[in-house]
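>>> Predicted model and sequence below, questions to follow.
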Amino acid sequence: MICNLNQLSFQNYGTIESERVLAKDLLDKAAECRVVSLSKENRRVYCCSQEVWVRNHENMTVLSASVDGESFQHFYLDKVVCIKPGIYFALNPYQDRSSVELAGERMPEEVTKKDAVENYRMRRHIAVDSIYTFFYHEKEKGFIFPGEAHRPLELTYVDKGSIHSVADGVDLQLNQGDLVIYAPNQWHMQYAEDDISASYITVSFDLDGDCPEALFNRKFSIPQSAAAMLQRLLRENDLMDDFSEDMMICYLQILLLTLLREQTSPSLGKLRTTNAVNSENEIIRRAQQFISTHVREKLTVPVVARHVDVSPSYLTALFRKNLQISPGEYIRRVKLQESKQMIREDNMNFTEIAAVLQYSTVHHFSRQFKDKFGITPTEYAKSVR
């Protein structure tokens, strides 16, 4: 990555001349001064035995500096710099061609023209190339998915209940908030216990480049930052405007990177999981669990906040910060998902369902159901019976 050039960032390699000093006056005092043309085909790496001043002359230039000649730090050359003796430095055009002025008691020695410092641009470690499917499944108790294998990767996230994930002879029990990813062409099947129903998300997708093994066939109890990406994926899947597909690809990529960072950078994970962050995550987890287990009761934000020992305003702030949704909206969505399960079970009529879920009227329930799912409860019942 190209860094901003300032006294602090450049201190290991030299100094930045004051902008009040005229660069021309400074360079004119040097014993030698030379304009050097730069191009992609003629990369230059130098090592100076004495101080050397460098300033950009034409177009944009990247200055790369190194103490050992192996590991380089890159800077946008927009100031006059004085490079210390013994420092290796390279000069490359930002695009195709540029030029710089070098000045000092003697010119630095050119040590190589190899592409030692070519990779100063940010590059992606992994990239989601395509998303093929994004499904929200609502399964009956004791369901069995007999299994399949396919080239795209597949992600499964349990939103409610629990399921068993079986791949390569390993049976993983995934509870609410757990996630698993299947590798390309990995056979997998899923099932639920006889007395447990489940709702879960599946996403099939391709990665551009190598697929990190650390992602596959292991249970992730995902952090709130990753859960937030899933919430955004769901929202974009519902919205589906001209930009939603791009947004979904970006959110999925951030989700995967978050999981990889948790696995491969434990020190970073420790920095993030401070006491404050742990406390926030625990409050949200307890709130979600309370809402899920009391979904058929009268639920309000103050009721939930009182259960987790925080104020309603603080609970609202935590939900918006971590899940990008208010707790009131979260309660509404959980109740509506529960109503779908009740409709499929076919033990109550709509008026009874509305009453059990604490809606003021059946008309209020029907209106919210249609606003969320795009069809009426009656239309949904016909589609699942």
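Received, thanks.

>>> How many residues are close by residue 90?
When neighbours are defined as other Cβ atoms under 10 Å, residue 90 has 26 of them. For the C-beta atoms, the positions are set from N, CA and C on the backbone; glycine is no exception.

>>> Bridged to it, which residues?
residue 45, residue 64 (DSSP bridges).

>>> Can you verify my assumption that residue 185 contacts residue 152?
No: Residue 185 sits out of contact with residue 152 when judged by Cβ atoms under 8 Å, with a separation of 9.4 Å.

>>> so where do the helices sit in the stretch 101-250 of the chain?
Taking DSSP state H, counting those that start in this stretch, the helices of the stretch 101-250 of the chain run over residues 224-239, 244-264.

>>> Next, the buried residues of stretch 320-336.
Using 16 or more other Cβ atoms under 10 Å as the test for burial, stretch 320-336 gives 322, 323, 325, 327, 330, 331, 332, 333, 334, 335, 336.

>>> any chance of those residues in CSV, plus secondary structure?
Below are the buried residues of stretch 320-336 laid out as CSV (DSSP: H, G, I helix; E, B strand; the rest coil):
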residue, secondary structure
322, helix
323, helix
325, coil
327, helix
330, helix
331, helix
332, helix
333, helix
334, helix
335, helix
336, helix
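
>>> related to what we said a few turns ago, looking at residue 185 and residue 152, which is more packed in?
Neighbour count, other Cβ under 10 Å: between residue 185 and residue 152, residue 152 has more, with 17 against 10.

>>> follow-up on the earlier one: and residue 50, which of the helices of the stretch 101-250 of the chain is closest to it?
helix 244-264 (43.6 Å; Cβ to Cβ).

>>> Now do that closest one against helix 224-239, angle only.
Calculated by axes from the mean of the first three to the mean of the last three Cα atoms, to 10 degrees, helix 244-264 forms an angle of 160 degrees with helix 224-239.

>>> Now do stretch 240-260: everything it contacts.
125-128, 130-131, 134, 155, 179, 203, 205, 207, 212, 214-215, 220, 222-223, 225-226, 229-230, 232-233, 236-237 (Cβ atoms under 8 Å, 6 or more residues apart in numbering).

>>> buried subset of the residues you listed?
Buried by 16+ other Cβ under 10 Å: 126, 128, 131, 134, 155, 179, 203, 205, 207, 212, 215, 220, 222-223, 225-226, 229-230, 232-233, 236-237, out of those.
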